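J.: here's my sequence, what's the structure:
(2 chains)
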Amino acid sequence: MSNAPAAKASNYKSAIQPTRAENFPEWYQAVVKEADLAESSAVRGCYVIKPYGYGMWENIQRELDARIKECDVQNAYFPLLIPVEYLSKEAEHVDGFAKECAVVTHHRLEKGPDGKLIPASPLEHPYVIRPTSETIIGETIKNWIQSYRDLPCKLNQWCNVMRWEMRPRVFLRTAEFLWQEGHNCLETADGSREDALLMLSVYKDLMENCLALPVMEGEKTADERFPGAIATYTLELMMQDGKALQGCTSHDLGQTFSKSCDIKFQGRDGKEQHAWTTSWGLTTRTIGAILMAHGDDDGAIMPPVVATYQVAIIPFLKDDAGKDALLGYCNKVKTALKAKGIRVSLDASDVRASNKTWDAIKKGIPLRVEIGEKEMAEGNVTHIRRDLGKDSKQTVSVDEFVNNAERLLQDIHKSMFEKAKAFRDSHIFDVKTVDEVRDFFKADKAGFVRADVSILEDKALEAVRKEFAITPRCIPFSDSGKKVLLGKSY
RNA sequence: CGGAGUGUAGCGCAGUCUGGUAGCGCAUCUGCUUUGGGAGCAGAGGGCCGGGAGUUCGAAUCUCUCCACUCCGACCA
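T.: All right, here's what the predicted structure looks like:
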């Protein structure tokens, strides 16, 4: 933005206000609203995901589900309600979630004296609405597993969960959210560790190749671990304000849950033993990550692989006389693109073309196709890349465009990834001492600092962590466990 | 759950300090003229000022009390 040519500075106005530099959190909310992705609901902390936003989630689901199944995981579904006793069996687990559980205590409503409905018929055994399903899945599959021949047992469910958050933020932290949670059961300690890492690699594939998000893969420090896990692996993402967002999570649960749920099997040696389990999840938060990693001051920029629409066709209608012919031409282009498997929107409404254009920009549709009488007369289309802006405008024949559209989308993906990666790489700074950590965040610089893991032992770090609200994000694999990344996070 | 802020038309805001029955911009509707990076002119419609209680002849404005949202923390995907 700062290097925008002075010539157009006079009439330049970003579509989203405030800009990222002016106020990042407010910019984020404006992007969500202007792109028509979601809105707040009557229920505190719960949001309505609107069709344009839900379309992204469906595409993320499709891509991730296929990859999960490649790992021989089967989909299943377990109840929304979990008996409170289940949760209380694992001490660390209950500590981790007890504070944020919604509890179902009654099973009926009746009219009170003032005509209002009040809960009636208290439940003898209350339920919690699942914050996660380790316990109920464990209690179920213990009956499915008797022998090493029943292993591995790999299950996944797509569902909603509820965690009573105090400070909700659309997509990033909501009381109810959508995710998949995988729960695998393995034969050995090595098996569960390798499995947790395998699922992490699936997420990495999704992030890089579908969401165009560069990741920092690593292990969480002990205090950042999932309650009950022996190791938590993560993909940390960097947002454009330099804050971290945890992109997914994959836990090696060891025998914690197999012991509390009593998942036992007879091993190859004939001896009975507890199984080794993993759990791994990815949520609708990834949509927030996409917005904050790729968006610019004109709004969202959607990665082509999961974009609800990959191409927006915008007819430039001059008058009613030529309307039918022009829309017919646009529809032909749309049909040709759809035949190539490309998701296309065509805005045939009477709204002014320039407003349709801005709508497509704010929604972040990767490719915009403008079609007016000029194009129609010559058998052409004009196309513009969202990530590069109007300087990328090109006019080519319909055939050429249709044949090249897939490659154009791939190019967009590639440059989005490279741009995000360049940002990430230029916002990680090596430091040696706690004082350098303090100096970095005191100067209000954006990004992470990378230090030797021994810094975690330094007593002085605690005060700095508190003062600037920084946490260890992960111990990246890339430094073979010798370094730790510290930063602010969502 | 702690600290701070904001609730007035679909959206963004002014008006509140100093009480007198509500205004601006955008959007919407109508008409004409326009049309390739947010159109122009003319006209029109739309709000019991977040809810409740109180003070007052009179409350958007003062008092009390709820509620919601936003930001910064704590907690987390």
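
J.: show me the contacts for the closest residue to RNA strand B within the stretch 251-400 of chain A.
T.: For the stretch 251-400 of chain A and RNA strand B, the shortest gap (C-beta to the nearest atom of the strand) falls at A:G372, measuring 2.0 Å. C-beta coordinates here come from the backbone N, C-alpha and C atoms, glycine included. By C-beta atoms under 8 Å, 6 or more residues apart in numbering, the contact list for A:G372 reads A:315-316, A:318, A:326, A:353.

J.: give me the mean pLDDT for the longest strand seen in chain A.
T.: For chain A, the strand with the greatest residue count under DSSP state E is strand A:117-129. Here strand A:117-129 scores 88 as its mean pLDDT.

J.: partner strands of that strand and their direction?
T.: Next to strand A:117-129 in the sheet, as set by DSSP bridges, lie strand A:81-83 (antiparallel), strand A:103-111 (antiparallel).

J.: can you tell me which of the ones you listed is most buried?
T.: Mean neighbour counts were compared across the strands paired with strand A:117-129 using mean count of other C-beta atoms under 10 Å; the top stretch is strand A:81-83, at a mean of 18.

J.: can you name the residues that contact A:R20?
T.: Applying C-beta under 8 Å, 6+ apart to A:R20 gives the contacts A:27, A:240-241, A:295-297.

J.: which pair of the contacts of A:G372 spans the longest distance?
T.: A:L326 and A:A353 (10.9 Å; C-beta to C-beta).

J.: so which of those two has more stuff around it?
T.: A:L326 (20 against 15; other C-beta atoms under 10 Å).

J.: excluding chain neighbours, what is closest to that one?
T.: A:P315 (5.4 Å; C-beta to C-beta, 6 or more residues apart in numbering).

J.: can you count the residues close to the one you found?
T.: For A:P315, using other C-beta under 10 Å, the count is 25.

J.: the one 4 residues further on too?
T.: Burial measure for A:D319: 7 neighbouring residues, criterion other C-beta under 10 Å.

J.: tell me the phi and psi of it?
T.: Here the main-chain torsion angles of A:D319 (degrees, to the nearest 10) amount to phi -150, psi 170.

J.: repeat for the one 3 residues further on
T.: A:G322 adopts backbone torsions of phi -90, psi 0, taken as degrees, to the nearest 10.

J.: list the contacts of it.
T.: Contacts of A:G322 (C-beta under 8 Å, 6+ apart): A:E373.

J.: now do the contacts for A:V333.
T.: Neighbouring residues of A:V333 by C-beta under 8 Å, 6+ apart: A:313, A:369, A:371, A:381, A:398, A:401-402.

J.: measure it to A:K323 for me?
T.: Noted for A:V333: a distance of 16 Å to A:K323, by C-beta to C-beta, to the nearest Å.

J.: for A:S260, same thing?
T.: Counting by C-beta to C-beta - A:S260 and A:K323 are separated by 67 Å.

J.: show me which of the two is the more surrounded one.
T.: Neighbour totals were compared for A:S260 and A:K323, and A:S260 leads with 21 against 14 (other C-beta under 10 Å).

J.: buried ones in the strand or helix carrying A:L206, by neighbour count?
T.: In this structure, A:L206 sits in helix A:189-209 according to DSSP states H and E. Residues A:191-193, A:195-197, A:199-200, A:202-204, A:206-208 are the ones in helix A:189-209 that count as buried (16 or more other C-beta atoms under 10 Å).

J.: and for that helix, what's in contact with it?
T.: For helix A:189-209, contacts defined as C-beta under 8 Å, 6+ apart pick out A:60, A:63-64, A:67-68, A:70-71, A:152, A:182, A:184, A:186, A:213-215, A:217, A:231, A:233-235, A:237, A:247-248, A:250-254, A:276-278, A:280, A:282, A:286, A:305, A:417.

J.: for A:L81, name its beta-bridge partners.
T.: Bridge pairing for A:L81 - DSSP bridges - gives A:I129.

J.: quick one on the thing from earlier: restricted to strands, list the contacts of A:G372.
T.: Residues of these located in strands (DSSP E): A:P315.

J.: of the contacts of A:G372, which ones also sit close to RNA strand B?
T.: Applying C-beta under 7 Å from any atom of the strand to those, one finds that A:316, A:318, A:353 fall near RNA strand B.

J.: now the second one. Nearest residue, chain neighbours left out?
T.: Of all residues not flanking A:K318 in the chain, A:E373 sits nearest, at 6.2 Å (C-beta to C-beta, 6+ apart).

J.: the one you found contacts A:L326, doesn't it?
T.: Yes - assessed by C-beta atoms under 8 Å, A:E373 is found in contact with A:L326 at 6.8 Å.

J.: overlap in contacts, these two.
T.: Each of A:F316 lies in contact with both A:E373 and A:L326 under the rule C-beta under 8 Å, 6+ apart.

J.: and stretch A:223-232, end to end?
T.: Using C-alpha to C-alpha, to the nearest Å, the span of stretch A:223-232 from its first residue to its last is 10 Å.

J.: quick one, domains of chain A?
T.: Annotated domains of chain A cover A:30-294, A:311-409, A:428-487 [automatic domain parsing].

J.: now the lengthiest helix in chain A and helix A:189-209, what's the angle there?
T.: Ranked by number of residues, the top helix in chain A under DSSP state H is helix A:398-425. Inter-element angle recorded for helix A:398-425 and helix A:189-209: 120 degrees (by axes from the mean of the first three to the mean of the last three C-alpha atoms, to 10 degrees).

J.: partner strands of the next helix-or-strand element following helix A:398-425, with direction?
T.: Downstream of helix A:398-425, the next assigned helix or strand under DSSP H and E is strand A:428-430. Sheet pairing of strand A:428-430 (DSSP bridges) gives strand A:448-452 (parallel).

J.: CA atoms of the helix holding A:L206 as CSV?
T.: Extracted C-alpha coordinates of helix A:189-209, given in CSV (Å, rounded to 0.1, in the frame of the first residue of the first chain):
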residue,chain,number,x,y,z
ALA,A,189,4.1,-46.6,21.6
ASP,A,190,6.0,-46.1,18.3
GLY,A,191,2.8,-46.7,16.5
SER,A,192,0.9,-43.8,18.2
ARG,A,193,3.8,-41.4,17.9
GLU,A,194,4.2,-42.2,14.2
ASP,A,195,0.5,-42.0,13.7
ALA,A,196,0.3,-38.5,15.3
LEU,A,197,3.1,-37.4,13.0
LEU,A,198,1.4,-39.0,9.9
MET,A,199,-1.8,-37.1,10.5
LEU,A,200,0.2,-33.9,11.0
SER,A,201,1.7,-34.4,7.6
VAL,A,202,-1.8,-34.8,6.1
TYR,A,203,-2.7,-31.4,7.6
LYS,A,204,0.5,-29.9,6.2
ASP,A,205,-0.4,-31.2,2.8
LEU,A,206,-3.8,-29.6,3.1
MET,A,207,-2.4,-26.2,4.4
GLU,A,208,0.3,-25.9,1.7
ASN,A,209,-1.5,-27.4,-1.3
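
J.: and that helix, how far from the chain's centre?
T.: 16 Å (C-alpha atoms, centre = their mean, to the nearest Å).

J.: so A:L87 sits against A:V103, correct?
T.: No - the pair formed by A:L87 and A:V103 falls short of the contact definition of C-beta under 8 Å, at 10.3 Å.

J.: which ones are touching the spatially closest residue to A:K89 that is not a sequence neighbour?
T.: The spatially closest residue to A:K89, leaving aside those adjacent along the chain, is A:S260, at 4.5 Å (C-beta to C-beta, 6+ apart). By C-beta under 8 Å, 6+ apart, the contact list for A:S260 reads A:89-90, A:93, A:135, A:138.

J.: doesn't A:S260 lie inside a helix?
T.: Yes - counting by DSSP: H, G, I helix; E, B strand; the rest coil, A:S260 is part of a helix.
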